[in-house]
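A.B. asks: Can you look at this prediction? I've put the sequence above it.
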Number of protein chains: 2
Amino acid sequence: MDGRVTEDQAREWLTVAVAEARLGLAEGGIPIGAALFGLNGELLGRGHNRRVQDGDPSMHAETAAFRAAGRLRGYRDTVMVTTLSPCWYCSGLVRQFGIGHVVIGESVTFTGGHNWLAEHGTGITLLNDPQCVRLMTDFIAARPDLWHEDIGE
Amino acid sequence: MDGRVTEDQAREWLTVAVAEARLGLAEGGIPIGAALFGLNGELLGRGHNRRVQDGDPSMHAETAAFRAAGRLRGYRDTVMVTTLSPCWYCSGLVRQFGIGHVVIGESVTFTGGHNWLAEHGTGITLLNDPQCVRLMTDFIAARPDLWHEDIGE
């Protein structure tokens, strides 16, 4: 944590990402959700993984939230909130656009590039939220094929 | 180069990415194009940067080509061909999905993560193609604002 995001704030923002993940699950999709907030609390964009729903492998939760926020100039004062540790694809997004901080629901079921991001100056808040762990644990057990497809394994 | 893609093959495939870049330019967009090929030469998907055209910052050339290829199981025997060195976002895509090889038109006007990819086992063919350099040089001179927006600077 880099001091710009409190744990209370992170947990509040995470509820939006979790709601997105649950929406994706209800649609028969992969239950990962994300939201892009301004440091001031403004919700800029939200979304969830759309591989199944749209047949679109490029729409991970984080890219969907980033896309929903539209064209912005500068991401330093934005926070990407995601239910799961961001994969390399989504970590690359954060690094390229200089998103200042990432809030992560959990990294128990999957660990992507968040340590790499921290090394390059991104603020990281890792919550290890039990409901996020449950969402992914249940999903991976039910649909290992889909999960491995989504992370290219 | 990892021996799986010849320079002649790389140059032939690059013509598809360049055609995409020129299409994007003609649409008033950022002139970066890409295509995803199978090692056997099959064209799986092609696309170009769509920031301006769709107001979509998530559609870089490589993500557009990846998206156009639809859902696939396994990318080891695929080749991402792009007119410009892939930014961190697109390099992360290549790493996460294990795309086996990347053909790059040029890295003179911008260098992204292709050395990082090479360190992690991706085959890289860097062509430094003069027409690709010209496309970006002219574009950056004409629209520096748009270019910096697209790479988050």
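C.D. replies: Alright, I've got the coordinates.

A.B. asks: how close does residue A:61 get to residue B:23?
C.D. replies: Applying CB to CB, to the nearest Å, the value for residue A:61 to residue B:23 is 30 Å. Any C-beta I mention is one placed from the backbone N, CA and C, and that applies to glycine too.

A.B. asks: Look at those two and report which has more neighbours.
C.D. replies: residue A:61 (30 against 16; other CB atoms under 10 Å in any protein chain shown).

A.B. asks: So what does the more buried one have for phi and psi?
C.D. replies: Backbone torsions of residue A:61, given as degrees, to the nearest 10, read phi -60, psi -50.

A.B. asks: and the one residue in chain A that gets nearest to chain B, what helix or strand is that in?
C.D. replies: Residue of chain A nearest chain B, by CB to the nearest CB: residue A:92 (2.2 Å). Here residue A:92 sits within helix A:88-97, counting by DSSP states H and E.

A.B. asks: relative orientation of that helix and helix B:88-97 in degrees?
C.D. replies: If you take axes from the mean of the first three to the mean of the last three CA atoms, to 10 degrees, helix A:88-97 sits at 170 degrees to helix B:88-97.

A.B. asks: What's the local residue count around the residue of chain A closest to chain B?
C.D. replies: Counted with other CB under 10 Å, residues neighbouring residue A:92 total 29.

A.B. asks: how about it, what does it touch?
C.D. replies: By CB atoms under 8 Å, 6 or more residues apart in numbering or on different chains, the contact set of residue A:92 is A:113, B:87-93, B:95, B:113.

A.B. asks: C-terminal to the helix or strand containing residue A:63, what's the next element?
C.D. replies: Element membership of residue A:63 [criterion: DSSP H and E] is helix A:61-68. Per DSSP H and E, helix A:61-68 leads on to strand A:78-82 as the next helix or strand towards the C-terminus.

A.B. asks: buried residues in that next one?
C.D. replies: Neighbour counts using 16 or more other CB atoms under 10 Å in any protein chain shown place A:78-82 of strand A:78-82 among the buried residues.

A.B. asks: Dump those residues into a markdown table; add pLDDT and distance to residue B:131 as well.
C.D. replies: Shown next, in a markdown table, are the buried residues of strand A:78-82 (pLDDT from 0 to 100; distance: CB to CB, whole Å):
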| residue | pLDDT | distance to residue B:131 |
| --- | --- | --- |
| A:78 | 98 | 36 |
| A:79 | 98 | 41 |
| A:80 | 98 | 36 |
| A:81 | 98 | 42 |
| A:82 | 98 | 39 |
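
A.B. asks: Let's have those residues in JSON lines, adding distance to residue A:107.
C.D. replies: Output for the buried residues of strand A:78-82, formatted as JSON lines (distance: CB to CB, whole Å):
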{"residue": "A:78", "distance to residue A:107": "21"}
{"residue": "A:79", "distance to residue A:107": "17"}
{"residue": "A:80", "distance to residue A:107": "14"}
{"residue": "A:81", "distance to residue A:107": "14"}
{"residue": "A:82", "distance to residue A:107": "10"}
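
A.B. asks: near chain B, which of the residues you listed show up?
C.D. replies: With the criterion set as CB under 8 Å from any CB of the partner chain, no member of the buried residues of strand A:78-82 is near chain B.

A.B. asks: Just flag the most distant two among the residues you listed.
C.D. replies: Spatially, the most separated pair among the buried residues of strand A:78-82 is A:78 and A:82, at 12.8 Å (CB to CB).

A.B. asks: Name the residues of the top helix by length along chain A that are buried.
C.D. replies: What stands out as the longest helix in chain A, according to DSSP state H, is helix A:7-26. By neighbour count with 16+ other CB under 10 Å, helix A:7-26 contains the buried residues A:9-10, A:13-14, A:16-18, A:20-25.

A.B. asks: wait, what's in contact with the residue lying closest to residue A:23 once chain neighbours are set aside?
C.D. replies: Nearest residue to residue A:23 in three dimensions, chain neighbours excluded: residue A:48, at 5.9 Å (CB to CB, 6 or more residues apart in numbering or on different chains). Listed by CB under 8 Å, 6+ apart, the contact set of residue A:48 reads A:20-21, A:23-24, A:29-34, A:61, A:64.

A.B. asks: which non-adjacent residue is nearest the residue nearest the centre of chain A?
C.D. replies: When CA atoms, centre = their mean is applied to chain A, the residue found nearest the centroid is residue A:82 (2.4 Å). Among residues not flanking residue A:82 along the chain, residue A:34 sits closest, at 4.2 Å (CB to CB, 6+ apart).

A.B. asks: Helix, strand or coil: sort out the one you found for me.
C.D. replies: Secondary structure, DSSP: H, G, I helix; E, B strand; the rest coil: residue A:34 is strand.

A.B. asks: separation between it and residue B:138?
C.D. replies: 36 Å.

A.B. asks: who has more neighbours, these two?
C.D. replies: The neighbour comparison of residue A:34 against residue B:138 (other CB under 10 Å) goes to residue A:34, with 31 against 12.
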